[in-house]
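Student: Whatever this is, show me its structure:
(one chain, ligands or ions: 2)
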Amino acid sequence: MPFAEIITLEQFIVDQQSLYKDADGSLSRIFRSIELATKIVNRDVRKAGLVDILGNHGGTNTHGEEQKKLDVIANDIFIAALSKSGEVSVVISEENDDPIFVEGAEEEKYIVAIDPLDGSSNIDVNASIGTIFSIYRRPSNSKMVTVEDCLQKGKHQVAAGYVIYGSSTMLVYTTGLGVNGFTLDDSIQEFCLSHPNIQTPTTGKVFSINEGNYADFPDGVKAYIDYCKEKDASTNRPYGARYIGSLIADFHRNLLKGGIFMYPPTEKTPKGKLRLMYECNPMAFIVEQAGGMASTGVERILDVKPTDLHQRAPIFIGSTEMVEKALEMLNHPEIAVTN
Ligand code: AHM
Ligand code: MG
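Tutor: Residues are numbered from 1 along each chain as shown. Ligands and ions are numbered 1, 2, ... in the order given. Coordinates of the predicted model:
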């Protein structure tokens, strides 16, 4: 790309700032911190196969899951970068039981939620992994930030984004004015605008779900999966099945190409698996900004009032027509599989 046409993430953020009348640069400073942390994590992810940072860290996280070394490294890097930004009063992370209140910054106006390295079971097999972030304004008028301040509905996010460490490294984000994607140019270590104004197709040909859990799904989900696999030329079915088991990779593909991603409730996990604040809300904000849809099966993801920082939520997310069809079948499994 000719140099004159390159728009870096930093330039883009500065340009966008002028579109917000009350912008004072603080959100831009948070983005700068996220960008720096991303570059450091990217460096570590890229050399994961070469140095001794692969494998389990030995500990378990809040949810009793094994932590990989890179999870711990990424978590530390993002927390340090956000804490140093000077704009963040508290960081909540999928990897930490409790919120991390930033010393001396308790009055700052932003709250950031992070999943520092999602899909970490894929590290050892060299598949795509990612970082997810979500930014809220501190709502209370109290002097010090509280846990309650963190428990906001997703619709109050001021920004959300993800980084995918894939065959290239991309950062995709929204501040509520559409969705834009930036690809890291390794040679200059800059994220460059590569996917301006991402719009997700209203329908697609891909469904993404861990079908191994089929027997445990509610009847409506089973009916929708059967529908996806049924032959019907007029609706381009059967759809293709694509499931990496790394949310960002599955979501990113479907966002660009059209499709539906589902992590429904199962008998064992009645609330699904994914975390509302670290995974579902940021993805829901992004997909809605790109013209798609996200639901728990019962309500819009962004309308769920969190009661716990680490709560899970079922999710049906992606191209609007596909999510609507899935919801129709969830509610009426008895009419399924006849088109
Ligand atoms: P993690 O936060 O422990 O990495 O788990 C979340 C991941 C998602 O990236 C992915 O969509 C999901 O777990 C896959 O779960 P499953 O292996 O049950 O299909
Ligand atoms: Mg995760």
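Student: what's the helix or strand containing residue 324 packed up against?
Tutor: Using DSSP states H and E, residue 324 sits within helix 320-331. Packing partners of helix 320-331 (3 or more CB pairs under 8 Å, 6 or more residues apart in numbering; DSSP states H and E): helix 219-229, strand 260-263, strand 293-295, strand 315-318. Any C-beta I mention is one placed from the backbone N, CA and C, and that applies to glycine too.
Student: winner for burial among the ones you listed?
Tutor: Ranked by mean neighbour count, the helices and strands packed on helix 320-331 are led by strand 315-318 with a mean of 29 (mean count of other CB atoms under 10 Å).
Student: Dump it to PDB, keeping only the CA atoms.
Tutor: Coordinates of the C-alpha atoms in strand 315-318 are reproduced here as PDB (Å, rounded to 0.1, in the frame of the first residue of the first chain):
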ATOM      1  CA  ILE A 315     -25.100 -16.800  23.200                       C
ATOM      2  CA  PHE A 316     -26.400 -16.900  19.700                       C
ATOM      3  CA  ILE A 317     -24.500 -14.300  17.600                       C
ATOM      4  CA  GLY A 318     -23.900 -13.400  14.000                       C
END
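Student: Is any residue of that strand near ligand 1?
Tutor: No - no part of strand 315-318 sits near ligand 1 under the criterion CB under 6 Å from any ligand atom; the closest distance found is 9.2 Å.
Student: Can you list the strands that that strand pairs with?
Tutor: strand 260-263 (antiparallel), strand 293-295 (antiparallel) (DSSP bridges).
Student: want to throw those strands into JSON lines with mean pLDDT?
Tutor: Shown next, in JSON lines, are the strands paired with strand 315-318 (pLDDT from 0 to 100):
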{"stretch": "strand 260-263", "mean pLDDT": "98"}
{"stretch": "strand 293-295", "mean pLDDT": "98"}
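Student: before we move on, back to that, may I see the helices and strands packed on helix 320-331 arranged in JSON lines, with distance to ligand 2 as well?
Tutor: Listed next are these as JSON lines, based on distance: least, CB to the ion, whole Å:
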{"stretch": "helix 219-229", "distance to ligand 2": "21"}
{"stretch": "strand 260-263", "distance to ligand 2": "11"}
{"stretch": "strand 293-295", "distance to ligand 2": "16"}
{"stretch": "strand 315-318", "distance to ligand 2": "12"}
